[in-house]
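>>> Have a look at this fold, sequence not included:
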């Protein structure tokens, strides 16, 4: 049976989602806003994909952009609801469930408010256990598909007249960049509903159990917090089956915001033979050792933690800070069709100037 999500689940979702945010994934306060609004407005229900009919429509609730504190973004809970309504209207049929493209500080909770208001189920499935830079990486195998998809985007800074609503139809690879441009125009961050697909397709192509994984991790973090930072970090490594692959002082940060609404660059921890370089495109996508040898690559989970065990986003990092780097290998997490799809990697490799495909696909 489904699980009614309640107030105590909000903080667990935010905390677990923040670890899987992998250095990106939105804002924790935005996640709390979505979660508390949902549990106060209705009874959002988390269900496994098997609880839906195989012909039911499942769409992806997403937030698009790279919302830095430097951009004038504004997104309200109602924007997520409106995004679902626009896709439902264009589809001409009811959307039964919402999955998310990725876990994150807020994205783990993207489907909760529409569930509370519209009655769509929160499907325990994600396009990727961790956060990633492009919509294609959470599109569960639709990135290279010629099939016409429906996508909507809603939101924007009202005071600056940046509010936008749009519905687009086309191949995913063609319409996803349109939504990213809308995010940039709206102020850097926009609510989206996209790619309605049959539940049977989601069952075969999504990373199943991704929401309950984030909840379980968050619960472990909350239980450990009263015992201090070491206990929290231990709880995170245990709950994720991960390890701390590096720890040290940030010696160099070189990350820039691009016109494509991505944060791209590198973070270097430590010096000399112990140095580690984290490659960033919104999230941590790869880690090299001091010799330039690759030691971790997406879709592995790579996350920076403070000594207190708090997940830190790339934007929060500064030179001179001490951080721990969590590594969860892809072998211990469910993987979706999209992270196994070679088509999703070339744009990321081009933006970052490093190889990803060869490592990600284990060739």
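Here it is on my side, so go on. Note that the coordinates shown come from a computational prediction; the quantities given were computed from them, not determined experimentally.
>>> Show the low-confidence segments of the stretch 1-150 of the chain, by residue range.
Using pLDDT under 70 as the threshold, the predicted model of the stretch 1-150 of the chain has low-confidence ranges 25, 66-70.
>>> the helices in it, which residues?
Using DSSP state H, counting those that start in this stretch, the helices found in the stretch 1-150 of the chain span residues 7-20, 28-41, 77-91, 112-118.
>>> Please tabulate these in TSV, including the columns distance to residue 331 and mean neighbour count.
The way it works is simple: take the backbone N, C-alpha and C, and place the C-beta from them, glycine included. Putting the helices of the stretch 1-150 of the chain into TSV (distance: least, CB to CB, whole Å; neighbours: other CB atoms under 10 Å) gives the following:
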stretch	distance to residue 331	mean neighbour count
helix 7-20	16	24
helix 28-41	28	20
helix 77-91	33	20
helix 112-118	30	26
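>>> Any idea which of those helices gets closest to residue 273?
helix 7-20 (28.3 Å; CB to CB).
>>> That closest one - contacts with which helices or strands?
Under the contact criterion of 3 or more CB pairs under 8 Å, 6 or more residues apart in numbering; DSSP states H and E, helix 7-20 touches helix 28-41, helix 210-224, strand 301-305.
>>> Outline the domain layout of the chain.
Under the assignment automatic domain parsing, the domains of the chain span 3-210, 228-360.
>>> hmm, back to that, would you reformat the helices of the stretch 1-150 of the chain as CSV and include distance to residue 125?
Listed next are those as CSV, based on distance: least, CB to CB, whole Å:
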stretch, distance to residue 125
helix 7-20, 14
helix 28-41, 18
helix 77-91, 16
helix 112-118, 14
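>>> Which among these is found nearest to residue 142?
Between residue 142 and the helices of the stretch 1-150 of the chain, the shortest separation by CB to CB is 14.3 Å, and it involves helix 77-91.
>>> right, and the helices and strands packed on helix 7-20 - which one's nearest residue 17?
Counting by CB to CB, residue 17 lies closest to helix 210-224 out of the helices and strands packed on helix 7-20; the figure is 4.8 Å.
>>> Run the chain-centre distance for the closest one.
For helix 210-224, the distance from its own C-alpha centre to the chain's C-alpha centre is 16 Å (CA atoms, centre = their mean, to the nearest Å).
>>> Give me the next element, helix or strand, following that helix.
Scanning forward in sequence from helix 210-224 by DSSP states H and E, the next helix or strand is helix 229-240.
>>> Now do that following helix against helix 7-20: the angle between them, please.
90 degrees (axes from the mean of the first three to the mean of the last three CA atoms, to 10 degrees).
>>> List the buried residues for helix 229-240?
Taking 16 or more other CB atoms under 10 Å as the basis for neighbour counts, the residues of helix 229-240 that come out buried are 229, 232-233, 235-237, 239-240.
>>> Would you mind putting these into JSON lines with pLDDT and distance to residue 80 alongside?
Listed next are the buried residues of helix 229-240 as JSON lines, based on pLDDT from 0 to 100; distance: CB to CB, whole Å:
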{"residue": "229", "pLDDT": "96", "distance to residue 80": "34"}
{"residue": "232", "pLDDT": "98", "distance to residue 80": "30"}
{"residue": "233", "pLDDT": "98", "distance to residue 80": "32"}
{"residue": "235", "pLDDT": "98", "distance to residue 80": "30"}
{"residue": "236", "pLDDT": "98", "distance to residue 80": "28"}
{"residue": "237", "pLDDT": "98", "distance to residue 80": "33"}
{"residue": "239", "pLDDT": "98", "distance to residue 80": "28"}
{"residue": "240", "pLDDT": "98", "distance to residue 80": "27"}
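>>> who's in contact with the nearest residue in space to residue 311 that is not next to it in sequence?
With CB to CB, 6 or more residues apart in numbering as the measure, residue 18 is the residue that lies nearest to residue 311, at 4.2 Å, once sequence neighbours are left out. Residue 18 is in contact with 25, 28, 104-105, 310-311, counting by CB atoms under 8 Å, 6 or more residues apart in numbering.
>>> How about residues contacting stretch 229-242?
Outside stretch 229-242, the residues within contact range by CB under 8 Å, 6+ apart are 19, 216-217, 220-221, 223-225, 243-244, 301, 305-310, 324, 326-329, 332.
>>> Adding distance to residue 44, write the contacts of residue 18 out as a markdown table.
Converted to a markdown table, those look like this (distance: CB to CB, whole Å):
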| residue | distance to residue 44 |
| --- | --- |
| 25 | 20 |
| 28 | 18 |
| 104 | 17 |
| 105 | 18 |
| 310 | 26 |
| 311 | 23 |
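>>> Tell me which two in those residues are the farthest apart.
104 and 310 (15.0 Å).
>>> Which one of the two is surrounded by more residues?
Applying other CB atoms under 10 Å to residue 104 and residue 310 shows that residue 104 carries more neighbours, namely 34 against 18.
>>> quick one on the thing from earlier: ok, which of the helices of the stretch 1-150 of the chain comes nearest residue 317?
Between residue 317 and these, the shortest gap by CB to CB is with helix 7-20, which sits at 14.3 Å.
>>> and that closest one with helix 28-41, angle?
Between helix 7-20 and helix 28-41, the angle formed by their directions is 150 degrees, by the same axes, to 10 degrees.
>>> Parallel or antiparallel, which strands does the strand ranked longest in the chain pair with?
The strand that spans the most residues within the chain, counting by DSSP state E, is strand 243-257. Under the criterion DSSP bridges, strand 243-257 sits next to strand 263-269 (antiparallel), strand 322-328 (antiparallel) in its sheet.
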